[in-house]
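J.: from the sequence below, what's the structure:
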Amino acid sequence: MASLSGLAVPEEVSEYTSWEACVGAVEDWSIRDQFHYKTPTSNQDRKTFVCATPPCKWKCLARKGRDGIIAMRVITGEHTCVADINRKRRVASTKGFLDEKVSQHLRVLKTTTPADVREVLALQYSEQISYHVAFECLTRLKHDDLGEQRYSFQLLPSYRDAVLAADPDAIIHLAIDPTTGKFPFYIATLLTTFGRCFVCPSVSNRVFRH
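T.: Numbering: from 1, shown residues only. Presented below is the predicted three-dimensional model:
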């Protein structure tokens, strides 16, 4: 069984292939350690993450290099603020986390119910969410079949392995995010990066060469 404590905390210096992956890492950290953050500086070249509870010194800086790789440095990883239990975040309050994790562990179909969403959160993360929150999450994932698309894209690495097992000389390239090991599925209206998939069976490769 997974839990929120299993969410990764970024290294002192970590690299990401997109801003979405970088922000996602900070989001997971905030959910894991139950704190709020804000981004006083945020543009395509640089982002600053600070604790939302002043005068806490928790801070991270992220910059995009000329090669497009984003490097994030943890300036101060420990919180100096006094914990406020009323400000602590629960996993149920974060739409991004819910949408990603539910679609990762549950194939969302038209017949999927809020009870199914609540069950997967309880089994995978030992978290209880209300029926209303589960309903809203399910509504978002069912919109334009978003949940089904997310689930299908995450199956691509296993499909690649199956093809290579049957055709070892095939050439297959997936744009896997090195920080998550997953295929980066992004929708143009939501995010700005699109993952790539290239498949060339060995027969096609031989025909092309000759």
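J.: need the longest helix for the chain.
T.: The single longest helix within the chain, with elements called by DSSP state H, is helix 19-33.
J.: report all helices and strands that it contacts.
T.: strand 13-16, strand 46-51, strand 59-64, strand 70-76, helix 95-105 (3 or more Cβ pairs under 8 Å, 6 or more residues apart in numbering; DSSP states H and E). Just so you know, the C-beta spots here come from the backbone N, C-alpha and C atoms, and that holds for glycine as well.
J.: how's the chain carved up into domains?
T.: The chain breaks down by automatic domain parsing into domains covering 4-76, 91-151, 155-209.
J.: lowest average pLDDT across the ones you listed?
T.: Among the domains of the chain, domain 155-209 carries the lowest mean pLDDT, a mean of 69.
J.: one step back: strands paired with whichever helix or strand comes after the longest helix of the chain, and their directions?
T.: Using DSSP states H and E, the helix or strand that follows helix 19-33 towards the C-terminus is strand 37-42. Its sheet considered, strand 37-42 pairs with strand 46-51 (antiparallel) by DSSP bridges.
J.: ok so, going back, mean neighbour count added to the domains of the chain, as JSON lines?
T.: Formatted as JSON lines, the domains of the chain follow (neighbours: other Cβ atoms under 10 Å):
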{"stretch": "domain 4-76", "mean neighbour count": "16"}
{"stretch": "domain 91-151", "mean neighbour count": "17"}
{"stretch": "domain 155-209", "mean neighbour count": "13"}
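J.: using the three-state scheme, assign Leu123.
T.: helix (DSSP: H, G, I helix; E, B strand; the rest coil).
J.: distance of it relative to Lys47?
T.: Using Cβ to Cβ, to the nearest Å, one gets 34 Å for the distance from Leu123 to Lys47.
J.: just to revisit the earlier point, need the helices and strands packed on helix 19-33 in TSV (columns: distance to Arg118).
T.: Listed next are those as TSV, based on distance: least, Cβ to Cβ, whole Å:
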stretch	distance to Arg118
strand 13-16	31
strand 46-51	31
strand 59-64	33
strand 70-76	33
helix 95-105	10
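J.: okay, the angle between the longest helix of the chain and helix 95-105?
T.: Relative orientation of helix 19-33 and helix 95-105, computed by axes from the mean of the first three to the mean of the last three Cα atoms, to 10 degrees: 100 degrees.
J.: by how many degrees do helix 19-33 and strand 70-76 diverge?
T.: 30 degrees.
J.: what's the closest of the helices and strands packed on helix 19-33 to Leu164?
T.: Each of the helices and strands packed on helix 19-33 has some distance to Leu164 by Cβ to Cβ; the shortest is helix 95-105, at 23.2 Å.
J.: tell me how far the closest one lies from the chain's centre.
T.: How far helix 95-105 lies from its chain's middle: 8 Å, per Cα atoms, centre = their mean, to the nearest Å.
J.: for that helix, name the packing helices and strands.
T.: helix 19-33, helix 114-125, helix 131-142, helix 146-154.
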